[in-house]
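K.L.:
got a sequence here, can you build the structure:
(one chain, ligands or ions: 1)
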Amino acid sequence: MGTGKEICSKMTLEEKAGLCSGADFWHLKGLERLGIPSVMVSDGPHGLRKQDMVADHLGINDSIPAVCFPAACCTAGSFDRELLKQMGKVIGEECLAEEVSVILGPGMNIKRSPLCGRNFEYFSEDPYLTGELAKAFVQGAQGCGVATSPKHFAVNNQEAWRMSISAEVDEQTLREIYLPAFETVVKEAQPKTIMASYNRINGVYASEHHRLLTEILRDEWGFDGYVMSDWGAVDRRVEALKAGLDLEMPSSNGINDAEIVQAVKDGRLEEAVLDQAVERILTVILDYTSRYQAVVWDKEKDHAEARRIAEESAVLLKNEGVLPLNSQQKIAFIGEFAKAPRFQGGGSSHINAFKVSNALDAVSGLGNVHFAQGYRLEEGTEEQLIAEAVTLAANSDVAVVFAGLPESYESEGYDRQHIDLPSNQNALIEAVAAANPKTVVVLHNGSVVAMPWANQVAGILEMYLAGQAIGEATVNLLYGKVNPSGRLAETFPYQLEDNPSHLNFPGDGDKVQYKEGLFVGYRYYDKKKMDVQFPFGYGLSYTTFSYQDLKVSHTTCQDTDQVEVSVRVTNSGNRAGKEVIQLYVNRQVDSSLRPVRELKGFEKIALGPGESKEVTFTLTKRSFAEYNTLLEDWYVPSGDYVIEIGKDSRTIVLSQNISVKSSQVLPFVIHRNTTLGELMENPKTRAWTEGLKRKIDAFFHPDGVDQDDAVSDDIGDSIFKNMPLRGVLPFVEMTSDELDDVIKELNEQI
Ligand code: BGC
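P.N.:
Predicted coordinates:
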């Protein structure tokens, strides 16, 4: 058939323009005369959402029956790269079975606010964790020959005005918080496509953002697939093409294709730009068709995988001796979600699950369980239902309340207004807990919720939106068939108002200011030493773990060195379990404008009772670096850093100091407001500045005697260090023009 380039050379201008937009909602155009098939793309990413009938991208119409896996809010809790890789592989194979060439995901935007309606589709508030998990998913799916489309590139962190809002974010925050996960995925997993988001970034639509789509994505990170638009995200087609947006989705009904043709004819668009886009699209199509192999899709087997993934991801948040349950106990299962669980979110990721398990069915035969309705979804408090639940709870050994957010509370398309559970559920939980102190709450939600009853209950199991096998997974975790091992990928604050984006979310309709900068999630709560309900990285197990022997290969090193870190972890309890070992870097040097600590490594290991294992991490320059806007590069300020091993961002169990020396020199440009302190620090200007200091001293103490008690030496030094160059003129008999000459000379010297 030939390469993309060869095929492109045989295409007419109209054919080329046509290939750059969809044929319909889910297909690219084919070209029969040149043997190019019309390939299909499909949502996910938590399963296959292949629409056969009336197509839409909002989850309105049904798709083929498929397996609904846990959503990203849930799988992120696994902190397990292998698990995500396996999930990507299973979904990749389903795509092959259904002849889908691209799975539209993973969703990997940062959870800036708990209110974002699509948080359930995103992994974390932390870019490192997001990048590692998304990378694993992409590797798993693409290993099957199916392409992925990590989305939504970039800075798409809310649903309010999602197609037009401009995310106003400074360069350092962009580089350190909102882009790194995409960077990791592109550099380490080479996704074959990327989806450009709807929103604007600092005023420019993502789909027309040359700097993002070409300079950063391709030139810096080496992306070589094609960029597609989110559905309907293209504003001006020709500008988008020039910026690096290759494929417009879905079809524009020929309107934008004609624009492209006209622009080439008018000379407004170089044909070479169009050719490049066509070649990129063709290359991915050809790659898929050449690697395509028919596979058989075993839905039951994949259902079992969905269950395992849910079990590995759920987070045990509280357990005061109440869990695991045992089959001799009389247990009350209370609440609608025990019978009809909420297991996925709404919108484009909505899967037509071929079956859904619920906890009540899953527990039958295993335990002595009785059910009470407790509440009705989306309806007010019904005293009768609460009274029945309370009676059952009082007569049971343990009461388990299945609570969570109704579907209408969170979805693609709109943001949440608050983080509360429905008030009838809160009332129920409090009443049940008052009747039986051994009350456990099982949560079904796509994003954080406030838990005003947290101190009144004995156990909390966060299932999130755990996919269609949620019922079996929940029962297996409650009864200890599986030992919980998930950890929170996001902080649970006590109240919405504590969140760092609170004063600037969702913006004014035109712009949303990311004023919290780097201080997103735990980076903020930890810096503020603010009490939170549950910190980032938190999660319990039915066993306990102890940590020993932290070893760090260097205590002093260059930023270019690799630092090996190892730690021994022991299962000190009497059950097999899994621990997530978290490595944070806590910067000591110039720390005032920096987060306290940042996650730079994690590993999940399985340990039998009494078993120990050594876990190793490799840190590189990037583990210590900030993005420096003067250098336009990653930079490690020389100084001290602490390597911390934590169970969560608030529980550091071992730490070791390390001193890192930078191999880069920051550009130093002297101007009238450069301080004498800065000049003293620089070896090239130190001697000159000392001379200046002597002159100033002589001005204030002509006879060499310091008689001013009000200004101690420390105060004097500090005043001197903070003095801008222009401030010294009166003391050293220099005119303003002379100062400019001096500055010029100094700049030439350094
Ligand atoms: C969503 C994407 C999705 C696409 C196709 C858009 O509305 O933002 O995440 O992949 O529709 O359904």
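
K.L.:
and the nearest residue to Thr689 once chain neighbours are set aside, how far is that from the ligand?
P.N.:
Of all residues not flanking Thr689 in the chain, Leu679 sits nearest, at 4.2 Å (CB to CB, 6 or more residues apart in numbering). Placement of C-beta: from N, CA and C, glycine included. Between Leu679 and the ligand the computed distance is 52 Å (CB to the nearest ligand atom, to the nearest Å).

K.L.:
helix, strand, or coil at Ile605?
P.N.:
Secondary structure assignment for Ile605 (DSSP: H, G, I helix; E, B strand; the rest coil): strand.

K.L.:
looking at it now. What's its pLDDT?
P.N.:
Looking at Ile605, its pLDDT reads 98.

K.L.:
what sits against it?
P.N.:
Going by CB atoms under 8 Å, 6 or more residues apart in numbering, Ile605 touches Val569, Lys578, Glu579, Ile581, Lys613, Val615.

K.L.:
check which helix or strand covers Ala310.
P.N.:
For Ala310, the enclosing helix or strand under DSSP states H and E is helix 299-313.

K.L.:
and that helix, how far from the chain's centre?
P.N.:
23 Å (CA atoms, centre = their mean, to the nearest Å).

K.L.:
list the buried residues of it.
P.N.:
The neighbour-count check on helix 299-313 (16 or more other CB atoms under 10 Å) flags Asp302, His303, Glu305, Ala306, Arg307, Arg308, Ile309, Ala310, Glu311, Glu312, Ser313 as buried.

K.L.:
again with stretch 6-24
P.N.:
Residues of stretch 6-24 classed as buried: Ile7, Cys8, Met11, Glu15, Lys16, Ala17, Gly18, Leu19, Cys20, Ser21, Gly22, Ala23 (neighbour count, 16+ other CB under 10 Å).

K.L.:
now secondary structure too, for those, in a markdown table please.
P.N.:
Output for those, formatted as a markdown table (three-state DSSP):
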| residue | secondary structure |
| --- | --- |
| Ile7 | helix |
| Cys8 | helix |
| Met11 | coil |
| Glu15 | helix |
| Lys16 | helix |
| Ala17 | helix |
| Gly18 | helix |
| Leu19 | helix |
| Cys20 | coil |
| Ser21 | strand |
| Gly22 | strand |
| Ala23 | coil |
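
K.L.:
out of those, which comes closest to the ligand?
P.N.:
Gly22 (10.5 Å; CB to the nearest ligand atom).

K.L.:
quick check: that closest one touching Gly30?
P.N.:
No: distance between Gly22 and Gly30: 11.6 Å, which falls outside the contact criterion (CB atoms under 8 Å).

K.L.:
list only buried entries from the contacts of Ile605.
P.N.:
Val569, Lys578, Glu579, Ile581, Val615.

K.L.:
now for Ser38, how many residues are close by?
P.N.:
15 (other CB atoms under 10 Å).

K.L.:
where does the stretch 201-350 of the chain dip in pLDDT?
P.N.:
Residues of the stretch 201-350 of the chain meeting the criterion pLDDT under 70: none.

K.L.:
strands along that one, start to end?
P.N.:
Along the stretch 201-350 of the chain, counting by DSSP state E, counting those that start in this stretch, strands occupy 204-205, 226-229, 315-319, 330-334.

K.L.:
and Leu213, how many residues sit next to it?
P.N.:
24.

K.L.:
ok, back up a step: make TSV out of the buried residues of stretch 6-24 and add distance to Ala433 and pLDDT.
P.N.:
Shown next, in TSV, are the buried residues of stretch 6-24 (distance: CB to CB, whole Å; pLDDT from 0 to 100):
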residue	distance to Ala433	pLDDT
Ile7	66	97
Cys8	66	98
Met11	68	98
Glu15	67	98
Lys16	66	98
Ala17	64	98
Gly18	62	98
Leu19	61	98
Cys20	59	98
Ser21	56	98
Gly22	53	98
Ala23	56	97
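
K.L.:
okay, and the helix or strand of the chain with the least pLDDT?
P.N.:
Least confident helix or strand of the chain, by mean pLDDT, DSSP states H and E, is helix 713-722 with a mean of 88.

K.L.:
for the helix or strand following that helix, C-alpha coordinates in PDB please.
P.N.:
Under the assignment DSSP H and E, the closest C-terminal helix or strand after helix 713-722 is helix 729-732. Output in PDB follows, covering the C-alpha atoms of helix 729-732 (Å, rounded to 0.1, in the frame of the first residue of the first chain):
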ATOM      1  CA  LEU A 729      23.300  57.000  44.700                       C
ATOM      2  CA  PRO A 730      23.100  59.600  47.500                       C
ATOM      3  CA  PHE A 731      25.700  57.800  49.600                       C
ATOM      4  CA  VAL A 732      28.300  57.200  47.000                       C
END
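
K.L.:
helices and strands around helix 729-732, which ones?
P.N.:
Applying 3 or more CB pairs under 8 Å, 6 or more residues apart in numbering; DSSP states H and E, one finds that helix 729-732 contacts helix 683-700.

K.L.:
in the helix it packs on, which residues are buried?
P.N.:
Thr685, Trp688, Thr689, Leu692, Lys693, Ile696.

K.L.:
between the residues you listed, which is nearest the ligand?
P.N.:
Taking CB to the nearest ligand atom as the measure, the ligand lies nearest Thr685 of the buried residues of helix 683-700, at 53.0 Å.

K.L.:
which non-adjacent residue is nearest the closest one?
P.N.:
Leu679 (4.4 Å).

K.L.:
next: Val398.
P.N.:
Lys438 (4.5 Å).

K.L.:
so what's the one you found up against?
P.N.:
By CB under 8 Å, 6+ apart, the residues touching Lys438 are Val322, Asp397, Val398, Ala399, Ala458.

K.L.:
mind listing which of those residues are in strands?
P.N.:
Judged by DSSP state E, these include Val398, Ala399 as members of strands.

K.L.:
which among the contacts of Lys438 count as buried?
P.N.:
Val322, Val398, Ala399, Ala458.

K.L.:
which of those come close to the ligand?
P.N.:
Subset of the buried ones among the contacts of Lys438 in contact with the ligand: empty, counting by CB under 6 Å from any ligand atom.

K.L.:
so the spatially most distant residue from the centre of the chain, which state does it fall into?
P.N.:
Of all residues in the chain, Asp703 has its C-alpha farthest from the mean position, at 64.3 Å, by CA atoms, centre = their mean. When classified by three-state DSSP, Asp703 comes out as coil.

K.L.:
where does Ala160 sit: helix, strand or coil?
P.N.:
Ala160 - assigned by three-state DSSP - is coil.

K.L.:
from what I can see Asp397 touches Ile331, true?
P.N.:
Yes: with contact defined as CB under 8 Å, Asp397 counts as touching Ile331 (6.6 Å).

K.L.:
quick check: closest non-adjacent residue to Ile260.
P.N.:
Nearest residue to Ile260, sequence neighbours excluded (CB to CB, 6+ apart): Ala17, at 4.0 Å.

K.L.:
Gly117 now?
P.N.:
Glu159 (4.0 Å).
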